[in-house]
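A.B. asks: Predicted coordinates and the sequence they were generated for:
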Amino acid sequence: MMFRRLLICWITGVLFLSGAFSQDWNSDSLALSIPADVTASPEDFGLYLKNRFPDQTERVKALFSWLASHIIYDFNHIESLNRFESMDEFVLYTMKNEKAVCQGYAEVFTAVCNRMGVPAITVHGYNRIEGRLKNDLGHAWNVARIDDNWFLFDPTWGSGYVDNGRYHKRFDTFYFMTPPDSLIESHMPFDPIWQLRDYPITHDQFIDGGSHGTIYYNFSDSLILYCSQDEDERAEGTLKRAEGIHANREEIYRIYRNYYDYVVNIKCNIEITRYNESSTSLRDAIDRFNEFQEIRNRRDPDRQQQRALLEVAGSLVHQSLTIARGINTCPSLSRQEIQRLIRQISEVDDAVLCSLRSL
C-alpha cells in the first residue's frame with residue numbers, strides 16, 4: 001500500500017510599528033515565572049497554564065506574555081512549512097527554536113490555547129499600515145473563545161516590530177483582546193467571519209480605505225455553525241465566504257492565491273489522511289489473512305482460529321472500503337490512485353469471502 005505525505009504551506013508576514021502602546025501587566029515577570037521545562041510542547045505548556053490559572057483570561061495573558069518575551073521574529077530565516085510533515089511538527093520546531101514569522105506565533109498561540117481549554121483558531125489575511133495597503137505578504141493572527149465570548153489577538157504585533165531591517169522587541173497589549181472595530185483598521189481577514197463584526201467590510205472597502213460595513217451579518221450564528229463543522233466543511237465554507245466578499249480582487253490576488261492554496265492543502269491533507277487510514281486498515285486485514293493462511297497450511301489446523309482471523313480480516317476490509325469510498329480527489333491524490341486502492345481492497349475482500357466459504 002502506498003502512503004501519502006501530508007502537505008503544508010504557509011503565508012508569511014512582517015511586523016510594523018503599531019502606534020499604540022500600553023503595559024497593563026508586567027509581561028516580563030509573568031513570562032519569567034513560567035518554568036522552561038513546561039514549554040517544550042503545547043501539551044505540557046497548556047496543562048501547566050490550565051493548572052496554574054483557573055481564569056481563562058489569565059491563562060491567555062500568560063501565553064501572550066511568554067510569546068512576546070521568548071519568540072524572536074525570524075525575518076532573516078523565513079522557514080517554509082513545506083519542510084514539515086504536520087502542523088504539530090512546525091509548532092514544536094517553533095517552540096524549541098524560539099524563532100518565527102507571524103504564522104509561527106499564531107500557530108503556537110492556537111496550539112497551546114486549545115490544549116489549555118481555550119478554543120482558538122489561526123486567522124489569515126493581510127494588512128493596511130498607516131493607510132497604505134500591505135499586499136506583498138500575508139499575515140496571521142488569532143481568535144480565541146474565552147468564557148463563551150470570542151476575542152481577537154495578534155501575538156506577533158504584540159511582541160515587537162521591524163524597522164529598517166531590524167527587529168525590536170516591544171510588548172504591546174493593544175493586540176491582546178483587541179476590539180474588532182479597532183483591529184479592522186489594520187487587519188483584514190480573508191474570511192469575514194473573523195472580523196467578529198455585525199457589519200463586516202468587503203475587501204473592496206478595506207483596500208479603498210474603509211472600515212465600516214453596511215450589510216448586517218449574523219457572525220454569532222456563523223461561528224456556532226463553524227464550530228460544529230469538521231475540518232473539510234470549514235475549509236469549504238471559508239473559501240466561499242472569502243470569495244463572497246471579493247477576496248480575488250487584483251490588488252491582493254497573489255496573497256489570496258497563497259491563502260487559497262493553503263486552504264486547498266488543508267482539504268488535501270484530510271483526503272490524504274483518509275487514504276492512509278484506509279491503507280492501514282487494508283494492511284492489517286492482509287496481515288490477518290496471511291496469519292490465516294499460515295494456520296491453514298499446518299498439519300492439524302484449528303478451524304475456529306482460522307474463522308476468527310478471517311472474520312477480523314473481513315471487518316478490517318469493510319472498514320477500509322468505507323473510508324476509501326469517502327475519499328475525494330485533490331492535487332496530490334488522483335482518482336486513479338483512489339480507484340487502485342479500492343480495487344486492492346476488493347481483491348482482498350474476495351479472497352477473505354472465498355476462504356470463509358471453504359471452511
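C.D. replies: Great, that's in hand.

A.B. asks: tell me the phi and psi of Leu32?
C.D. replies: Main-chain torsions, Leu32, degrees, to the nearest 10: phi -70, psi -20.

A.B. asks: Roughly how far does it sit from Pro155?
C.D. replies: 17 Å (C-beta to C-beta, to the nearest Å). All C-beta atoms are positioned from the backbone trio N, CA, C, and that covers glycine.

A.B. asks: Check Ala235 too.
C.D. replies: Counting by C-beta to C-beta - Ala235 and Pro155 are separated by 23 Å.

A.B. asks: who's more crowded, these two?
C.D. replies: Neighbour count, other C-beta atoms under 10 Å: between Ala235 and Pro155, Pro155 has more, with 27 against 20.

A.B. asks: and the more buried one, what does it touch?
C.D. replies: Phe64, Leu67, Ala68, Ile71, Tyr105, Ala106, Val108, Phe109, Trp141, Asn142, Tyr175 (C-beta atoms under 8 Å, 6 or more residues apart in numbering).

A.B. asks: Please repeat the previous calculation with a cut-off of 10 Å.
C.D. replies: Counting by C-beta atoms under 10 Å, 6 or more residues apart in numbering, Pro155 touches 60, 63-68, 71, 100, 102, 104-106, 108-110, 140-142, 175-176.

A.B. asks: go on, Phe45?
C.D. replies: Counting by C-beta under 10 Å, 6+ apart, Phe45 touches Ile34, Val38, Thr39, Ala62, Leu63, Trp66, Met95, Val108, Ala111, Val112, Arg115, Met116.

A.B. asks: Check which helices and strands whichever strand or helix holds Tyr256 is in contact with.
C.D. replies: Using DSSP states H and E, the element containing Tyr256 is helix 253-296. For helix 253-296, the packing partners by 3 or more C-beta pairs under 10 Å, 6 or more residues apart in numbering; DSSP states H and E come out as strand 120-129, strand 132-146, helix 231-244, helix 303-325, helix 335-358.

A.B. asks: So for Glu185, which of those sits nearest?
C.D. replies: Nearest to Glu185 among the helices and strands packed on helix 253-296 is strand 120-129 (7.3 Å), distances taken as C-beta to C-beta.

A.B. asks: The closest one - contacts with which helices or strands?
C.D. replies: Helices and strands touching strand 120-129, as assessed by 3+ C-beta pairs under 10 Å, 6+ apart, comprise helix 102-115, strand 132-146, strand 149-153, strand 187-189, helix 203-207, helix 219-228, helix 231-244, helix 253-296.

A.B. asks: can you do 8 Å?
C.D. replies: The elements that strand 120-129 packs onto, with contact taken as 3 or more C-beta pairs under 8 Å, 6 or more residues apart in numbering; DSSP states H and E, are helix 102-115, strand 132-146, strand 187-189, helix 253-296.

A.B. asks: Identify the residue nearest Asn248 in space, chain neighbours excluded?
C.D. replies: Tyr256 (6.1 Å; C-beta to C-beta, 6 or more residues apart in numbering).

A.B. asks: ok, the one you found to Thr173 distance?
C.D. replies: Using C-beta to C-beta, we find Tyr256 at a distance of 31 Å from Thr173.

A.B. asks: who's more crowded, those two?
C.D. replies: Set side by side, Tyr256 and Thr173 show more neighbours around Tyr256, with 25 against 19, by other C-beta under 10 Å.

A.B. asks: shouldn't the residue nearest to Asn248 be in contact with Glu250?
C.D. replies: No: under the criterion of C-beta atoms under 8 Å, Tyr256 makes no contact with Glu250, lying 10.0 Å away.

A.B. asks: Could you break the chain into its assigned domains?
C.D. replies: Domain assignment of the chain by automatic domain parsing yields the ranges 27-267, 273-358.
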